[in-house]
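What shape does this take:
(one chain, ligands or ions: 1)
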Amino acid sequence: MNADLRERQQALEIRNLAVHYGNSQHWVLQDFDLTVRPGEFVVIIGPSGCGKSTLLRLIAGFTQLQQGEIVIGKRVAATAGGVCIPPEKRDVGFVFQSYALWPHMTVKANIAFPLEQRRFTTVQREQRVDEVIMKFGLKEYQHRYPAELSGGQRQRVALARALVGQPALLLMDEPLSSLDVALRKKIQDELLIMHREWQPTVLYVTHDQDEAVKLAERLIVLHEGKIQQAGTPYDIFHSPNNPFVANFFGEVNELSGSVVENQGNGYSRIRIGDHTFILTRTQSFLDCGERVRVFIRPSWVELQEREDVSNARITGSRFMGAYTDYSLEWQGIPLRVSTQISNSKRVGDSIFVQVKDAWSIKEDEI
Ligand code: ADP
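I've put the predicted structure just below:
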């Protein structure tokens, strides 16, 4: 092992990765770099076909790369046309949507299976398996076969099996998407507790935004094989890098405007339409007159029932339980708003719109 490798402290390092399938000219992932710190919980989110599963399969060793390098822990796991450590030697655990349990083995035998390849004494192996079985609440099911378990129980077994060998990296590919909503939420809670206690390094793929926000310490938005933005869920929701991220990650009003005043503190006054002015946060330094794209989340708008003044008209409303979705015509601009106002307000009524928060990106950076 060379000195450079010994120095590396990351759980996963991917450099300059590129991959395509077979003779296809289409690069599924290109110019792809990613680093995951030990103990970090990273979630990758993106639309179907953007390359999420391909990425996990490359890291696990089920797919070959055409360019770049993958380092897991302190070991080079794969290089283009060179090193290719087989999946069982990569020190990764893998949890799939489909559970992938051995149907002819009991719960206990499934969980113990990864340890059979390792140098453990029988006593050590038994201790570790029992510990994991207790942790995941599987004691009373340990002698059952997978077919005798519910979906949630099977996924717990799959998770226990992936973690039993304490891998350097746990890869999870949409593990909860075949479970119903209530069970999904419950297992998400269990995953968070497990992560707090055991601190495994997790790379988790999902297309479910709520799940991503709940689980991710760091979120990566992927589109057409390229990272669009990486950051905390809060930063990505509040300050998206581009219109794709803004629209993919929650509903948003996307408007065009121009800068009338840069306040120099990360805020600028923007004109939208002929006579609407709002204060927005901005990504980069903006000059007066510069064209910008303005993003306003429906929840960033407050509606006030004022008798003296109005600046908008309700054109549609839909009761959603905890809040109501309104469509408005705001000084000639269509605007979606999610809020609570008294349900006496009807389509056609006047209302006062106050934009509490907004985010702008330069048009020429899009
Ligand atoms: P995601 O997990 O984000 O839905 P995938 O990684 O499964 O995306 O797929 C990315 C792209 O690679 C898609 O265009 C898909 O059709 C293609 N692809 C995936 N697996 C194969 C394969 N085995 N052979 C050829 N193309 C594939």
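
Look at N253 and say how many residues are nearby.
21 (other CB atoms under 10 Å). Where C-beta positions appear, they are placed from N, C-alpha and C, glycine not excepted.

let me fix that: G264
Residues near G264, counting by other CB under 10 Å, number 8.

quick one: it is in a helix?
No - counting by DSSP: H, G, I helix; E, B strand; the rest coil, one finds G264 to be coil, located in no helix.

Could you pull out the helices in the protein for me?
With DSSP state H as the criterion, the chain has helices at 3-7, 52-60, 107-116, 122-135, 151-163, 181-198, 209-215, 233-238, 243-248.

Any chance of a markdown table for these, columns mean neighbour count?
Listed next are the helices of the chain as a markdown table, based on neighbours: other CB atoms under 10 Å:
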| stretch | mean neighbour count |
| --- | --- |
| helix 3-7 | 8 |
| helix 52-60 | 22 |
| helix 107-116 | 20 |
| helix 122-135 | 15 |
| helix 151-163 | 23 |
| helix 181-198 | 14 |
| helix 209-215 | 18 |
| helix 233-238 | 17 |
| helix 243-248 | 18 |
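
Make a markdown table from the ones you listed and add mean pLDDT and distance to S284 to it.
Below are those laid out as a markdown table (pLDDT from 0 to 100; distance: least, CB to CB, whole Å):
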| stretch | mean pLDDT | distance to S284 |
| --- | --- | --- |
| helix 3-7 | 45 | 34 |
| helix 52-60 | 95 | 29 |
| helix 107-116 | 90 | 48 |
| helix 122-135 | 90 | 47 |
| helix 151-163 | 89 | 42 |
| helix 181-198 | 90 | 35 |
| helix 209-215 | 94 | 26 |
| helix 233-238 | 95 | 15 |
| helix 243-248 | 94 | 16 |
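
The ones you listed into TSV, with extra columns for distance to Y323?
Shown next, in TSV, are these (distance: least, CB to CB, whole Å):
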stretch	distance to Y323
helix 3-7	51
helix 52-60	31
helix 107-116	43
helix 122-135	38
helix 151-163	30
helix 181-198	19
helix 209-215	15
helix 233-238	17
helix 243-248	20
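
so which of the ones you listed comes closest to Q25?
Q25 sits nearest to helix 52-60 of all the helices of the chain, at 15.8 Å, using CB to CB.

can you give me the strands in the stretch 251-366 of the chain?
253-262, 267-272, 276-282, 291-296, 301-304, 312-319, 324-330, 333-339, 350-355, 359-362 (DSSP state E, counting those that start in this stretch).

Flag every buried residue along the fourth one.
If I follow you right, that is strand 291-296. Within strand 291-296, the residues scored as buried using 16 or more other CB atoms under 10 Å are V292, R293, V294, F295, I296.

Bridge partners for the second one, pull those for me.
In this structure, R293 has the following beta-bridge partners (DSSP bridges): S256, I361.

now, which of the buried residues of strand 291-296 sits nearest T54?
The closest of those to T54 turns out to be F295 (CB to CB; 29.9 Å).

How about stretch 58-67, which residues are buried there?
L58, I59, A60, G61, T63, L65, Q67.

Surely the fifth one is in contact with R57?
Yes - with the criterion set as CB atoms under 8 Å, T63 and R57 qualify as a contacting pair; they are 4.2 Å apart.

Please enumerate the shared neighbours of those two.
In terms of CB atoms under 8 Å, 6 or more residues apart in numbering, T63 and R57 are not both contacted by any residue.

which residues touch stretch 314-328?
298-299, 303, 312-313, 329, 334-341, 343, 345-351, 353.

near the ligand, which residues of the chain?
Y21, V28, G46, S48, G49, C50, G51, K52, S53, T54 (CB under 6 Å from any ligand atom).

Just put the residues you listed in TSV and tack on distance to Y145.
Formatted as TSV, the residues of the chain next to the ligand follow (distance: CB to CB, whole Å):
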residue	distance to Y145
Y21	35
V28	37
G46	36
S48	33
G49	35
C50	36
G51	35
K52	31
S53	28
T54	32
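
which residues of the stretch 1-150 of the chain score low on pLDDT?
1-8 (pLDDT under 70).

how about a cut-off of 50?
The model of the stretch 1-150 of the chain has pLDDT under 50 over residues 1-6.

State the distance from I70 to E261.
48 Å (CB to CB, to the nearest Å).
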